[in-house]
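*Asks:* just the structure for this:
(one chain, ligands or ions: 2)
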Amino acid sequence: MEHILVINPGSTSTKLAIFSNHEQIAEETIRHTVEEISQFENVISQTDFRAELIKEFITKQQVEDSLVAVVGRGGLLKPIPGGTYKVNEALLSDLIAEKYNTHASNLGAILANEFAKEYDIPAFIVDPVVVDEMEPIAKVSGLKGINRRSVTHALNQKAVARVTAEELGKEYETSSMIVAHLGGGISVGAHKNGKMIDAVNGLDGEGPFSPERSGELPLVDFANLIIEENLTLADVKKMIAGNSGLKSYLGETDLREVEKRIKAGDTEAAFYEEAMSYQVAKSIAEMSVVLKGEVDSIILTGGAVYSESIRKQITSRVEWIARVKAFPGEMEMQALYEGAWRVLKGKEEAKDYALV
Ligand SMILES: Nc1ncnc2c1ncn2[C@@H]1O[C@H](COP(=O)(O)OP(=O)(O)OP(=O)(O)O)[C@@H](O)[C@H]1O
Ligand SMILES: CCCC(=O)O
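*Replies:* Ligands and ions are numbered 1, 2, ... in the order given. This next block holds a predicted model:
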């Protein structure tokens, strides 16, 4: 039997799966604590730590001799169209140099490449976080020389939008949806006729705060902080996309722990959880304007959507816009597998990534 290994490194987790013949035959989500992650200076230096966990998973599943491909979540590359890409030298060199910024998903191709070499099989990425379908007007930032860019959970946003369109008896290619992905990071996209035409990009300091991202900040106060604390660009990146959000308010990125504290009567934890939902709801409303109010469905997805209180807090503020569908967790593993499978079976040609 032929198996495909799927590797999905997130900011707070490493998700692993083995697929065969369109079925997920094994999966494991390894959650990383704040302490575990903070022992590493940067994302790239987590490679060996995460690779060891993956090796244990492969050994446990006894698939060393039957793996035919490995597919990883695609990271911060130059803006590119969606699709399946071969993991090649150009792609790896942009990720290792962190040319387009640092992100846990950068490890997807790097880790896939490690196991591709070990087992002599091809490695791919699918619909990386930089899939860019934004309209020109959405890229205007307000300051000449700086453009907004598309960095989102594109893979999962598109997968859940497709499923929801089908449930509505429609096609993704002719629907209007708003998708809010609530993970360690948060992204909110406006999907129109099969394209994500605008999106809130939390990695670059836009939109709502998340378990570990700041989202939008008052700029003058932040500039003062940079000057007063003599921060480098690397410090700033780490602060806004790793050490902010719930982590800065509560010292915690795991919402299950936050909710235990709320149950035990921690009113501060309850306040900041609700503030996060409040900000997500505002971003959803912003995207409804992009879609001129014509919204077939609002979709809430990502790990945080397992939380009933977060679902209720957001829904109560946005249900006047359109129906709200909750899609807890994600469909990333299946979408990664399908992308690799299409290429292996000759249904689609893998794209070649080239340096700028
Ligand atoms: N059952 C649950 N109840 C409440 N929160 C949960 C549950 N399961 C996961 N979460 C929370 O979801 C968040 C992580 O979501 P997810 O797994 O989608 O993120 P990730 O993959 O690490 O990062 P990202 O999606 O940004 O790439 C964490 O705060 C986690 O505590
Ligand atoms: C996936 C891009 C958004 C984020 O991680 O904040």
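
*Asks:* and A26, that one's in a strand?
*Replies:* Yes. Assessed by DSSP: H, G, I helix; E, B strand; the rest coil, A26 belongs to a strand.

*Asks:* and it, what's its pLDDT?
*Replies:* A26 carries a pLDDT value of 98.

*Asks:* repeat for E41
*Replies:* At E41, the model reports a pLDDT of 88.

*Asks:* can you count the residues close to it?
*Replies:* Close neighbours of E41, defined as other Cβ atoms under 10 Å, add up to 10. (Glycine included, C-beta is placed from N, CA and C.)

*Asks:* cool, and K170?
*Replies:* 15.

*Asks:* SS state for the residue lying closest to Q313 once chain neighbours are set aside?
*Replies:* Of all residues not flanking Q313 in the chain, S277 sits nearest, at 3.5 Å (Cβ to Cβ, 6 or more residues apart in numbering). With three-state DSSP as the basis, the three-state label of S277 is helix.

*Asks:* so S277 versus G72, what's the distance?
*Replies:* 31 Å (Cβ to Cβ, to the nearest Å).

*Asks:* show me the strands in the protein, by range?
*Replies:* 3-9, 13-20, 23-31, 67-73, 84-86, 123-126, 140-143, 146-147, 176-182, 186-192, 195-201, 297-302, 324-328 (DSSP state E).

*Asks:* of S277 and G72, which one has the most company?
*Replies:* G72 (30 against 24).

*Asks:* how many residues are close by the residue lying closest to T47 once chain neighbours are set aside?
*Replies:* Excluding its sequence neighbours, the residue lying closest to T47 (Cβ to Cβ, 6+ apart) is I110, at 5.8 Å. Residues lying near I110 (other Cβ under 10 Å) number 24.

*Asks:* ok, I110 - contacts?
*Replies:* I44, T47, G72, L92, L95, I96 (Cβ atoms under 8 Å, 6 or more residues apart in numbering).

*Asks:* and the residue in the stretch 251-356 of the chain positioned nearest to ligand 2, how far from Y119?
*Replies:* With Cβ to the nearest ligand atom, the shortest gap between the stretch 251-356 of the chain and ligand 2 falls at G302, namely 10.1 Å. From G302 across to Y119, the span is 31 Å (Cβ to Cβ).

*Asks:* cool, V131 as well?
*Replies:* 28 Å.

*Asks:* ok, P208 next?
*Replies:* 40 Å.

*Asks:* burial check on V356, number of neighbours?
*Replies:* So V356, with other Cβ under 10 Å, has 8 neighbours.

*Asks:* is it true that it touches K78?
*Replies:* Yes. Using Cβ atoms under 8 Å, V356 is in contact with K78, at 5.6 Å.

*Asks:* spell out which parts of the stretch 151-300 of the chain neighbour ligand 1.
*Replies:* H153, G183, G184, G185, P211, T253, D254, L255, R256 (Cβ under 6 Å from any ligand atom).

*Asks:* for the closest residue in space to the second one that isn't next to it in sequence, name its beta-bridge partners.
*Replies:* If I follow you right, that is G183. In space, and not counting its chain neighbours, G183 is closest to G302: 4.2 Å by Cβ to Cβ, 6+ apart. In this entry, G302 is beta-bridged to P328, G329, by DSSP bridges.

*Asks:* what's the local residue count around G302?
*Replies:* 27.

*Asks:* what pLDDT does the model give it?
*Replies:* 97.

*Asks:* residues contacting it?
*Replies:* H153, N156, A180, H181, L182, G183, I186, P328, G329, E330.

*Asks:* nearest to ligand 2, of those?
*Replies:* H153 (4.8 Å).

*Asks:* residues contacting the closest residue to that closest one other than its chain neighbours?
*Replies:* Using Cβ to Cβ, 6+ apart and skipping residues adjacent in sequence, the residue nearest H153 is H181, 3.9 Å away. Counting by Cβ under 8 Å, 6+ apart, H181 touches T152, H153, N156, Q157, S187, V188, G189, T301, G302, E330.

*Asks:* let's see 7 Å
*Replies:* Contacts here follow Cβ atoms under 7 Å, 6 or more residues apart in numbering; on that basis H181 touches H153, N156, Q157, S187, T301, G302.

*Asks:* any idea how far the third one lies from ligand 1?
*Replies:* By that I understand Q157. Between Q157 and ligand 1 the computed distance is 11 Å (Cβ to the nearest ligand atom, to the nearest Å).

*Asks:* any idea how many residues pack against that residue?
*Replies:* Using other Cβ under 10 Å, Q157 is surrounded by 29 other residues.

*Asks:* tell me the confidence at it?
*Replies:* 96.

*Asks:* can you tell me the closest non-neighbouring residue to it?
*Replies:* Per Cβ to Cβ, 6+ apart, closest to Q157 is V179, 4.3 Å.

*Asks:* one more: the second one?
*Replies:* Once its chain neighbours are removed from consideration, N156 has its nearest residue in E330; the separation is 4.3 Å (Cβ to Cβ, 6+ apart).

*Asks:* what segments of the stretch 101-250 of the chain are helices?
*Replies:* In the stretch 101-250 of the chain, helices defined by DSSP state H, counting those that start in this stretch lie at 106-119, 154-167, 219-228, 233-240, 245-250, listed in chain order.

*Asks:* residues in contact with the closest residue to ligand 2 within the stretch 1-150 of the chain?
*Replies:* Residue of the stretch 1-150 of the chain nearest ligand 2, by Cβ to the nearest ligand atom: V129 (4.2 Å). Counting by Cβ under 7 Å, 6+ apart, V129 touches G74, G75, L76, H103, S105, V151, T152, H153, A154.
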